[in-house]
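Visitor: how would this look folded up:
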Amino acid sequence: MDLNRRDLLRLLGVAGLGAAGGGILSGCSTATAVAPVRSGAASLGLWTHDPGYASYFTQAATDAAVVGGSAWTFGVDVTSVAPADIVSRLVTQAVAQRPLPDLAGLVIDQFPRVMRAGIAENLFVDLTALTAPLGDRLLKTQPYTVDGKVYALESDNSISVMFYRADLFDELGIPADVGTWEELLEIGAEVAADTGQAIGMVANGDNGSIVNGFTQLLLQRGGNLYDAEGNLAVLSDEAVEVLELMAEGVRTGAFVALADPYGGAAAAALKGSRLVATVMPNWYEVYGLQANAPDQEGLWRARTIPRFAGGGHVASTMGGTAFAVLKDQPLTDAATDFLHRSYLTEEGQLARYFAGAYMPTLVDLYDAPEFQEITDPYLGGQRVFEVFSAAAADMPLFYQSAGASVLRDSLGGPVLRAITGQVGAEEALRAGVRTYERQVQP
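Guide: Numbers count the residues shown, from 1 in each chain. Here you go, the predicted model:
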């Protein structure tokens, strides 16, 4: 079919996953003339940004514990694609009726690009028949749900806990079991005044980092950016409370403001022992702590997050990557079977953790002996799943909507101004919502 430049830009841009998108894709079926492969050899095309996923899927394809008994014999052909390019390339390939992969990894903040006007429905297999029987056992399906249907499966539960320097907590007299954020913030203010050290960090760089940090605490407090129906929910008492707490932490020095939680400033704060605790997801241990402070092995520990006095959870979440199956391909059935075996079975989740430390999304596995007996040398030999089990049992839900990228950019500046004390928390949130609503039709 013919597609002019304007239509293509509309489809790929922020506003472009709009009314025209579903119609264009539905008129460009991804089906081919090749009959579906019902059994036998299945060399699956995989698009991902992360070599860790490439490695896991390649191993799983020949792991009898994972794929034994399947009607297909699997292989995996990996193509590396930048996170922001995967959705764009999927859409342009579908529109041009060019070859598509069988499986695609979608970073969580990119998924909203397919949530509007039938994009997900036209590109991906509805996986609800696989996820529904698992019920509440399966965590983190909400961010990848459109109109009640699940279109991608999360790779890592991305459980946010508090990492802290046990040696410095002892030295500074900070109780490792402090019960609430309010108590910890008071202690942190005293520590900052005495030593200049911080018990937490907030981002003050790009909009993504700023809003991610705010959202992580908002989810823990029991708030959300959107509700289950995709309606904007960020203007709430919980959001005001979280922003006020973050601003108070920065004002007193209990929280250190860093441009990038993963970059040079964060590395310097960790290496110099200026940052003695931080709330971050499980993967931050490897990509943040171990990467930047390998010499501090044995000094760090993990615990659940102190509660807010007003309620909420002892855990949160941030980040993630989910895999979707492309529909109407010769190997669609094979890819669906492979994803089910490697992501939704106990054997697959065990293999995934031991291949790349990807946290299970089946909540009952956290109490399985295979996990409970794991000790972490970097965390001083701690049995980390005692912490992660308690956290997984109290995970907040996280909802997304098609306008999530607009919301991120609309909130970034106002949230930063609130954190730095330039405006009040409620005023900042209202300003962000006004900017968002000018760009996104209800």
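Visitor: Tell me how many other residues crowd the closest residue to residue 111 other than its chain neighbours.
Guide: Of all residues not flanking residue 111 in the chain, residue 144 sits nearest, at 5.8 Å (Cβ to Cβ, 6 or more residues apart in numbering). The C-beta positions use only the backbone N, C-alpha and C, and glycine is treated the same way. Residues near residue 144, counting by other Cβ atoms under 10 Å, number 26.
Visitor: And for residue 203?
Guide: 24.
Visitor: Is it correct that it is in contact with residue 263?
Guide: No. The pair residue 203 / residue 263 is not scored as a contact, 10.2 Å apart, by Cβ atoms under 8 Å.
Visitor: For this structure, spot the helix or strand the model is least confident about on average.
Guide: Within the chain, no helix or strand scores below helix 5-12, which has a mean of 43 by mean pLDDT, DSSP states H and E.
Visitor: Help me confirm that residue 56 is found in a strand?
Guide: No. Counting by DSSP: H, G, I helix; E, B strand; the rest coil, residue 56 falls outside a strand, being helix.
Visitor: pretty sure it is touching residue 358, no?
Guide: Yes. Residue 56 lies in contact with residue 358 (Cβ under 8 Å); the separation is 7.4 Å.
Visitor: who touches both of those two?
Guide: Shared contacts of residue 56 and residue 358, defined by Cβ atoms under 8 Å, 6 or more residues apart in numbering, are found at residue 352.
Visitor: These two: which is more packed in?
Guide: Per other Cβ under 10 Å, whichever of residue 56 and residue 358 has more neighbours is residue 56, with 26 against 23.
Visitor: can you list the residues that contact stretch 351-367?
Guide: For stretch 351-367, using Cβ under 8 Å, 6+ apart, the contacting residues are 52-53, 55-56, 59-60, 63, 65-66, 134, 136-140, 153-159, 282-283, 286, 342-344, 346, 349-350, 371-372, 385, 388-389, 392-393, 395.
Visitor: brain fart, stretch 239-252
Guide: 181-182, 185, 188-189, 192-193, 200, 202, 213-214, 217-218, 221, 223, 254-255, 257, 308, 310, 415, 418-421, 425-426, 428-429.
Visitor: Sort out for me which of these are in strands.
Guide: The members of those that map onto strands under DSSP state E are 200, 202, 255, 257.
Visitor: Can you select the buried ones among those for me in ChimeraX?
Guide: Listed next is the ChimeraX selection for buried residues among the ones in strands among the contacts of stretch 239-252, using 16 or more other Cβ atoms under 10 Å:
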select :200,202,255,257
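Visitor: Can you lay out the ones in strands among the contacts of stretch 239-252 as CSV showing distance to residue 77 and pLDDT?
Guide: CSV is the format used below for the ones in strands among the contacts of stretch 239-252 (distance: Cβ to Cβ, whole Å; pLDDT from 0 to 100):
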residue, distance to residue 77, pLDDT
200, 43, 97
202, 42, 96
255, 46, 98
257, 44, 96
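Visitor: Now flag whichever of the ones in strands among the contacts of stretch 239-252 is closest to residue 93.
Guide: residue 202 (39.4 Å; Cβ to Cβ).
Visitor: Now for the residue nearest to residue 398 when sequence neighbours are not counted, how many residues are close by?
Guide: Spatial nearest neighbour of residue 398, excluding adjacent residues (Cβ to Cβ, 6+ apart): residue 143 at 5.3 Å. Residues within reach of residue 143, counting by other Cβ under 10 Å, total 22.
Visitor: Please apply the same query to residue 173.
Guide: Other residues near residue 173 come to 9 when the count uses other Cβ under 10 Å.
Visitor: got the contact list for the spatially most central residue of the chain?
Guide: Per Cα atoms, centre = their mean, the C-alpha nearest to the average position across the chain is that of residue 319, at 2.0 Å. Listed by Cβ under 8 Å, 6+ apart, the contact set of residue 319 reads 108, 156, 158, 212, 281, 283.
Visitor: Widest-spaced pair of these?
Guide: Maximum pairwise distance in the contacts of residue 319, criterion Cβ to Cβ, is 15.4 Å, between 156 and 212.
Visitor: ok, these two, which is more surrounded?
Guide: Legend: neighbour count by other Cβ under 10 Å for residue 156 and residue 212, higher for residue 156 (24 against 17).
Visitor: so the more buried one is in which element?
Guide: For residue 156, there is no host helix or strand (DSSP states H and E).
Visitor: Could you look up the SS state of the nearest residue to it once chain neighbours are set aside?
Guide: Spatially, and ignoring its direct neighbours in sequence, residue 156 is nearest to residue 358 (4.3 Å; Cβ to Cβ, 6+ apart). Three-state call for residue 358 (three-state DSSP): coil.
Visitor: got the phi/psi numbers for residue 145?
Guide: Residue 145 adopts backbone torsions of phi -110, psi 130, taken as degrees, to the nearest 10.
Visitor: Who is it paired with across the strands?
Guide: For residue 145, the beta-bridge partners under DSSP bridges are residue 150.
Visitor: try residue 316
Guide: residue 160.
Visitor: Ok, residue 74 next?
Guide: According to DSSP bridges, the residues that bridge with residue 74 are residue 42.
Visitor: can you tell me which residues contact it?
Guide: 42-44, 60-62, 67, 334, 338.
Visitor: cool, residue 130 as well?
Guide: 150, 153, 336, 340, 344.
Visitor: 6 Å instead?
Guide: Residue 130 makes contact with 340, 344, according to Cβ atoms under 6 Å, 6 or more residues apart in numbering.
Visitor: in which helix or strand would I find it?
Guide: Applying DSSP H and E as the criterion places residue 130 in helix 128-131.
Visitor: That helix: how far from the chain's middle?
Guide: Relative to its chain's centre, helix 128-131 lies at 20 Å (Cα atoms, centre = their mean, to the nearest Å).
Visitor: any idea where the strands of this protein begin and end?
Guide: Secondary structure of the chain (DSSP E): strands at 40-48, 72-80, 103-107, 145-146, 149-150, 153-154, 159-165, 200-203, 255-258, 277-281, 300-303, 316-317, 321-325.
Visitor: tilt between the last one and strand 40-48?
Guide: Meaning strand 321-325. Per axes from the mean of the first three to the mean of the last three Cα atoms, to 10 degrees, the angle that strand 321-325 makes with strand 40-48 is 140 degrees.
Visitor: helices or strands next to strand 321-325 in the packing?
Guide: In this structure, strand 321-325 makes packing contacts with strand 103-107, strand 153-154, helix 332-343, judged by 3 or more Cβ pairs under 6 Å, 6 or more residues apart in numbering; DSSP states H and E.
Visitor: Run a quick neighbour tally on the closest residue to residue 113 other than its chain neighbours.
Guide: Excluding the flanking residues, the one nearest residue 113 by Cβ to Cβ, 6+ apart is residue 87, at 4.7 Å. Look at residue 87: counted by other Cβ under 10 Å, it has 22 neighbours.
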